[in-house]
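Trainee: predicted model follows, preceded by the sequence.
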Amino acid sequence: MVWGMPRAMAPVFRPSARCLVLDRDGRILLFRSKTDATDDVASRAWFTPGGGLRRGETPAQAASRELAEETGLRLPPWELGSVVAVSAGLWRAGQRQMFGADSFFLVRAVGLSVSGDGREEQERQALATHRWWSLHDLDATTEQVFPLGLASVLRQILTGGLPDRPVRLPWRDNAGQH
């Protein structure tokens, strides 16, 4: 039993590594998920490149792999630097309760032409489009963007540089399934 729950009901831990990819103009790359039949918030959301860690991977290794798969940009893990933001919380994946823990790395990508050639089948099915967002775009949008608090972190990075330690971002609301 975990937290007083039968083992079958305990949340499944799913760490992920994500990238805050900025271009020379300080715009951030976000992907939009394809709308699905469940019509939940996450099916209409914008989010950063990245995904779950594979067994034995460090967050930096997973971020490097996901960045290459989803954008075509190949950076070795040691060039990603330190984690600049984190977020953690519960979410549902179908009938399963999950506990997600996201680590965000900053990537400066000058002249990146996004390529999905290396995407896995699940990524090809899930990613509808991408867009470069300015800070103004993030502040003005009524669309759902993950992580929550992204505009605040981006503003801090663009005006004050990298944080001394990872910024804690709020977790998605209950409607924001991952």
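Mentor: Here it is on my side, so go on.
Trainee: how about the strands in the protein?
Mentor: Along the chain, the stretches classed as strands by DSSP state E are 12-22, 28-33, 46-47, 50-52, 83-93, 96-108, 127-133, 145-146, 167-168.
Trainee: just the mean pLDDT for the second one, thanks.
Mentor: Taken as a whole, strand 28-33 carries a mean pLDDT of 89.
Trainee: can you list contacts of that strand?
Mentor: Residues outside strand 28-33 that contact it (C-beta atoms under 8 Å, 6 or more residues apart in numbering): 20-23, 42-49, 70-71, 109, 112, 114, 126-133, 138, 145, 150, 154. (Glycine included, C-beta is placed from N, CA and C.)
Trainee: re the thing from before, which of the strands of the chain comes out lowest on mean pLDDT?
Mentor: strand 127-133 (a mean of 80).
Trainee: just give me how far it sits from the chain centre.
Mentor: Relative to the centre of its chain, strand 127-133 is centred 13 Å away, using C-alpha atoms, centre = their mean, to the nearest Å.
Trainee: and that strand, which strands flank it?
Mentor: Taking DSSP bridges as the criterion, strand 127-133 sits next to strand 28-33 (antiparallel) in its sheet.
Trainee: buried sites along the partner strand?
Mentor: Neighbour counts using 16 or more other C-beta atoms under 10 Å place 28, 29, 30, 31, 32, 33 of strand 28-33 among the buried residues.
Trainee: for the strands of the chain, which one sits closest to residue 58?
Mentor: strand 12-22 (8.3 Å; C-beta to C-beta).
Trainee: what helices or strands is that closest one leaning on?
Mentor: strand 28-33, strand 50-52, helix 59-71, strand 96-108, helix 150-160 (3 or more C-beta pairs under 8 Å, 6 or more residues apart in numbering; DSSP states H and E).
Trainee: distance to residue 167 added to those, as CSV?
Mentor: Compiled in CSV, these are given as follows (distance: least, C-beta to C-beta, whole Å):
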stretch, distance to residue 167
strand 28-33, 15
strand 50-52, 16
helix 59-71, 15
strand 96-108, 8
helix 150-160, 5
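Trainee: what's the closest of those to residue 15?
Mentor: Checking those against residue 15 by C-beta to C-beta gives strand 96-108 as the closest, at 4.7 Å.
Trainee: partners of that closest one in the sheet?
Mentor: With DSSP bridges as the test, strand 96-108 is paired with strand 12-22 (parallel), strand 83-93 (antiparallel).
Trainee: and the last one, what's buried?
Mentor: So the one you mean is strand 83-93. 83, 84, 85, 86, 87, 89, 91.
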